[in-house]
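Colleague: just a sequence and a predicted model for now, questions to come.
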Amino acid sequence: MSAVLNQIPQAEFDAGIDVTGRVQGQQALLTPAALAFLAGLHRAFEPARQARLAARQARQQAFDAGALPQFRADTAHLRAGDWTVTPAPAALRDRRVEITGPVDPKMVINALNSGANCYMADFEDSTSPTWANLITGQQALRAAISGDLVHEANGKRYELRPQAEQAVLIVRPRGWHLDEKHVLVDGRRMSAALFDAGLFCFHNAKALAERDRGPYLYLPKLESMEEAALWGQVLDDIEARLGLPHGQIRVTVLIETLPAAFEMDEILYALKDRIVGLNCGRWDYIFSYIKTLRRHPDRVLPERGQVTMTQPFLRAYSELLIQTCHRRGAHAMGGMAAQIPIRDDAAANAAALARVRADKLREVTAGHDGTWVAHPGLIAVAREVFDARMPGPNQLDNRREDVHVEAADLLQPCLGTITRAGFENNVEVCVRYLAAWLDGNGCVPIHHLMEDAATAEIARAQLWQWLHFPELGGGLLHLDDGTPVDFALLERALIALPGRLRAEPGLPGIARVSEAIGLLDRLTHAETLAPFLTLPAYERLD
Ligand SMILES: CC(=O)SCCNC(=O)CCNC(=O)[C@H](O)C(C)(C)COP(=O)(O)OP(=O)(O)OC[C@H]1O[C@@H](n2cnc3c(N)ncnc32)[C@H](O)[C@@H]1OP(=O)(O)O
Ligand SMILES: O=CC(=O)O
Ligand SMILES: [Mg+2]
């Protein structure tokens, strides 16, 4: 890359910005220039962010009143048009295996060294956004990029492999809906998305450009083309202020909300100069299906474990994503199987790996260009499956012209049941995950499955919808053994939990279990489904 970058702008102390969090060493990140840069982003884009969040609410009101998502009439010309996105940079042409994970220094080193093609460093679904986690994560990424990151834990020293052998770094900032309460600009909380993405780009864009890379971002939880366009404006502005060439920052967008599945072409178009691909964020997508259609009793989902990617509505979503991406020259990334290695039980471990293998085989056969793994122990399985079926760096030329997905296919009801084990598992996952999250841990293994904010949201939203089913006009739901699904059932499950959890030694977040139970109880009793679990939980963090 030959572009000459301007110096990062120097700035005077900005009296309008107030940092309320304190973590050792944060001054090196939150310099006057960095803070002025963040304040500039806030002042330029906060009104537009709020307008987009209000538009989400208005759209949800229409869905609650009976409307169903549909393809937009006003953008039919974009869907019909013949255009493609800017080709991927060399570093992102082959991304067959991407490892994801939180941003603590050990994880960052392990993920970059893991042998995966890319590492998605996650400030989102798998990070509990305590101030300490955010600052430590930004420090770790900055040190990793400059080659200085080392870490010591449990008598072991962690060092990075040479840069040429490291996974390509992609960073996932938090979504539009979240605030960063530790940074106030003119007395108002700034957007968490702008904080994460802005701070990362401010400190690392130049060093990445010198390596022929750029800040590469994964953008989560978008609901519309206008939200994508807002990201486009933000990234244009970041590039202009940092003196980066236009298009240096490249993005992959997660299609993980039901409304966004109806605007995939539009989202690609809105970010045409910088988008590299779309990703099937299946867990948030299932959550969003429940949330969007929460007042449509004819579309209630069965228990979480039965909602697999082979269900017709999920198959339609992934196939439409592949077809849309490949028509536009963009990568169609697959998603995350929830199984993780099981250390102390060989048979269970083999079964978990077989589930992962089957999931990856489905993805590569359908035409995905790469996939996600949650744990280094799964890289070999994913790579083997993709290597066997994808000889080139990607399969953009697999156009999937056989796919014909209509709105009704994306909205199809899903057959299945609710068992007692399924109901109780939802309760347990919510409580255990919330307790861990409140304790600062955003990703935990529960019953040998990876649980993060997205998987926990499915459990939380299902409980709300099932328990409110009579008010939604659906009548009382019953478990497959005939037991009514009512608040008494929830109470019985909640009462039994603390004793059971205390018996498990070393459970993450055990001290916060009562608080988690209280929060889940309030969220499930509330008249309306709260848009995100992490909104009320965040008020209790730190
Ligand atoms: C819906 C979505 O958004 S999916 C994307 C978000 N989710 C994720 O990114 C999942 C990330 N994964 C994880 O956090 C973890 O793998 C968990 C919580 C699922 C399991 O964690 P653990 O039970 O602690 O894993 P385990 O003990 O087997 O780890 C073994 C080693 O692998 C490392 N490891 C585990 N997962 C990862 C990872 N994703 N990236 C890098 N290293 C990892 C551990 O740090 C540990 O290293 P060490 O031996 O040097 O101490
Ligand atoms: O972010 C990924 C998802 O599945 O949700
Ligand atoms: Mg997600």
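Modeller: Structure's in. What do you need? Numbering: from 1, shown residues only. Ligands and ions are numbered 1, 2, ... in the order given.
Colleague: tally of neighbours for the residue lying closest to Met225 once chain neighbours are set aside?
Modeller: Once flanking residues are discounted, Met225 sits nearest to Glu266: 3.5 Å by Cβ to Cβ, 6 or more residues apart in numbering. (Each C-beta comes from the backbone N, C-alpha and C, glycine too.) Look at Glu266: counted by other Cβ atoms under 10 Å, it has 22 neighbours.
Colleague: so who does Glu266 touch?
Modeller: Contact partners of Glu266, counting by Cβ atoms under 8 Å, 6 or more residues apart in numbering, are Arg72, Thr75, Leu78, Arg79, Ser224, Met225, Ala228.
Colleague: how about a cut-off of 6 Å?
Modeller: Thr75, Leu78, Met225 (Cβ atoms under 6 Å, 6 or more residues apart in numbering).
Colleague: for it, give me the pLDDT.
Modeller: On the pLDDT scale, Glu266 is placed at 99.
Colleague: what residues does the stretch 301-450 of the chain put near ligand 1?
Modeller: Met336, Ile340, Pro341, Ala374, His375, Pro376, Cys443, Val444, Pro445, Met450 (Cβ under 6 Å from any ligand atom).
Colleague: now restrict those to buried residues only.
Modeller: Buried members of those, counted by 16 or more other Cβ atoms under 10 Å: Met336, Ile340, Pro341, Ala374, His375, Pro376, Cys443, Val444, Met450.
Colleague: just the closest residue of the stretch 101-250 of the chain to ligand 1, please.
Modeller: With Cβ to the nearest ligand atom as the measure, Gly101 is the residue of the stretch 101-250 of the chain nearest to ligand 1, at 2.9 Å.
Colleague: roughly how far apart are that residue and Asn113?
Modeller: 12 Å (Cβ to Cβ, to the nearest Å).
Colleague: who's more crowded, those two?
Modeller: A count of neighbours by other Cβ under 10 Å puts Gly101 above the other of Gly101 and Asn113, at 24 against 17.
Colleague: surely that one touches Leu112?
Modeller: No: assessed by Cβ atoms under 6 Å, Gly101 is found out of contact with Leu112, at 10.4 Å.
Colleague: from the buried ones among the residues of the stretch 301-450 of the chain next to ligand 1, pick the one nearest ligand 2.
Modeller: Using Cβ to the nearest ligand atom, Met336 is the member of those that sits closest to ligand 2, with 5.5 Å.
Colleague: quick check: residues of this structure near ligand 2?
Modeller: Asp125, Leu254, Glu256, Gly281, Arg282, Trp283, Asp284, Gly335, Met336, Ala454.
Colleague: repeat that with 8 Å
Modeller: When proximity is defined by Cβ under 8 Å from any ligand atom, the chain lies next to ligand 2 at 100, 124-125, 172, 220, 254, 256, 279-285, 287, 335-336, 372, 452, 454-455.
Colleague: can you tell me which of these are in strands?
Modeller: Thr100, Arg172, Leu254, Asn279, Cys280, Gly335, Met336, Trp372 (DSSP state E).
Colleague: state the pair within these that is farthest apart.
Modeller: Arg172 and Cys280 (14.7 Å; Cβ to Cβ).
Colleague: compare the two and say which is more crowded by neighbours.
Modeller: In terms of neighbours (other Cβ under 10 Å), Cys280 is the more surrounded of Arg172 and Cys280; the figures are 27 against 23.
Colleague: contact partners for that one?
Modeller: Cys280 neighbours (Cβ under 6 Å, 6+ apart): Ser318, Leu321, Gly334, Gly335.
Colleague: tell me what it is bridged to.
Modeller: Ile255 (DSSP bridges).
Colleague: need the pLDDT of the residue of the stretch 151-300 of the chain found nearest ligand 3.
Modeller: Evaluated by Cβ to the ion, the stretch 151-300 of the chain has Asp284 as its residue closest to ligand 3, separated by 3.5 Å. Looking at Asp284, its pLDDT is 98.
Colleague: my guess is it contacts Ile255, does it?
Modeller: No: Asp284 is not in contact with Ile255 according to Cβ under 6 Å; the separation is 9.4 Å.
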